[in-house]
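> Using only what follows, build the 3D model:
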Amino acid sequence: MAKYTVNPKAVARAEELIDARQYVLQSEWGSVQPKAAEENAYLEKHSFEEYELWHLGLTDGAADGTKARYAFVYGDFRRVHRMGLIACVYRAAEWRHKEIELAAHDLLQRLDRLTS
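Residues are numbered from 1 along each chain as shown. Next comes the predicted model:
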């Protein structure tokens, strides 16, 4: 099983987006989660440094500047999705990636405090 570390740059970016009210509270995450074609299209216009900011996890052992390096996407490359954060919490908890789970949980709580 792959191992992941928390991506502090992505956490900080998600916090900025939440504070700037750049979020979607209700969405069908399975429909709006970026697919491979959308990731590729994003990377045609943006750097891997920008791509990295949308992923809460960094895959241990994967090279920087590859899609394999980045995991646990939480948004649609424009906004944070509440359901994306919930998916990150769930997936990380399911596979016992505790640091990722807690980072996603903290972001979800931040968003919920702001919007309740």
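
> residue contacts, Tyr42?
Listed by C-beta atoms under 8 Å, 6 or more residues apart in numbering, the contact set of Tyr42 reads Pro34, Tyr51, Phe77. Quick note: C-beta positions are derived from backbone N, CA and C, even for glycine.

> The first one - that's part of a strand, no?
So that's Pro34. No - Pro34: not assigned to a strand; according to DSSP: H, G, I helix; E, B strand; the rest coil it is coil.

> burial measure for Tyr23, as a count.
For Tyr23, the neighbour count with other C-beta atoms under 10 Å is 20.

> hang on, Trp54 packs against Ala10?
Yes - in this structure Trp54 lies within contact range of Ala10 using C-beta atoms under 8 Å: 6.6 Å.

> Can you pull the residues that touch both of these two?
With C-beta under 8 Å, 6+ apart, Trp54 and Ala10 have common neighbours Tyr74.

> what about the strands in this structure?
Along the chain, counting by DSSP state E, strands occupy 4-6, 23-24, 55-59, 70-73, 80-81.

> closest one to Arg113 among these?
strand 23-24 (12.5 Å; C-beta to C-beta).

> list the helices and strands that closest one packs on?
In terms of contacts (3 or more C-beta pairs under 8 Å, 6 or more residues apart in numbering; DSSP states H and E), strand 23-24 is packed against strand 80-81, helix 82-94.

> centre of the chain versus the longest one, how much separation?
Translated: helix 82-94. Averaging C-alpha positions (C-alpha atoms, centre = their mean, to the nearest Å) puts helix 82-94 9 Å from its chain's average.

> Give the other helices and strands that that helix contacts.
In terms of contacts (3+ C-beta pairs under 8 Å, 6+ apart), helix 82-94 is packed against strand 23-24, helix 29-32, strand 70-73, helix 98-115.

> ok, residues contacting that helix?
Helix 82-94 has contacts (C-beta under 8 Å, 6+ apart) with 4, 14, 23-29, 33, 56-57, 72-76, 97-98, 100-101, 104-105, 107-108, 111-112.
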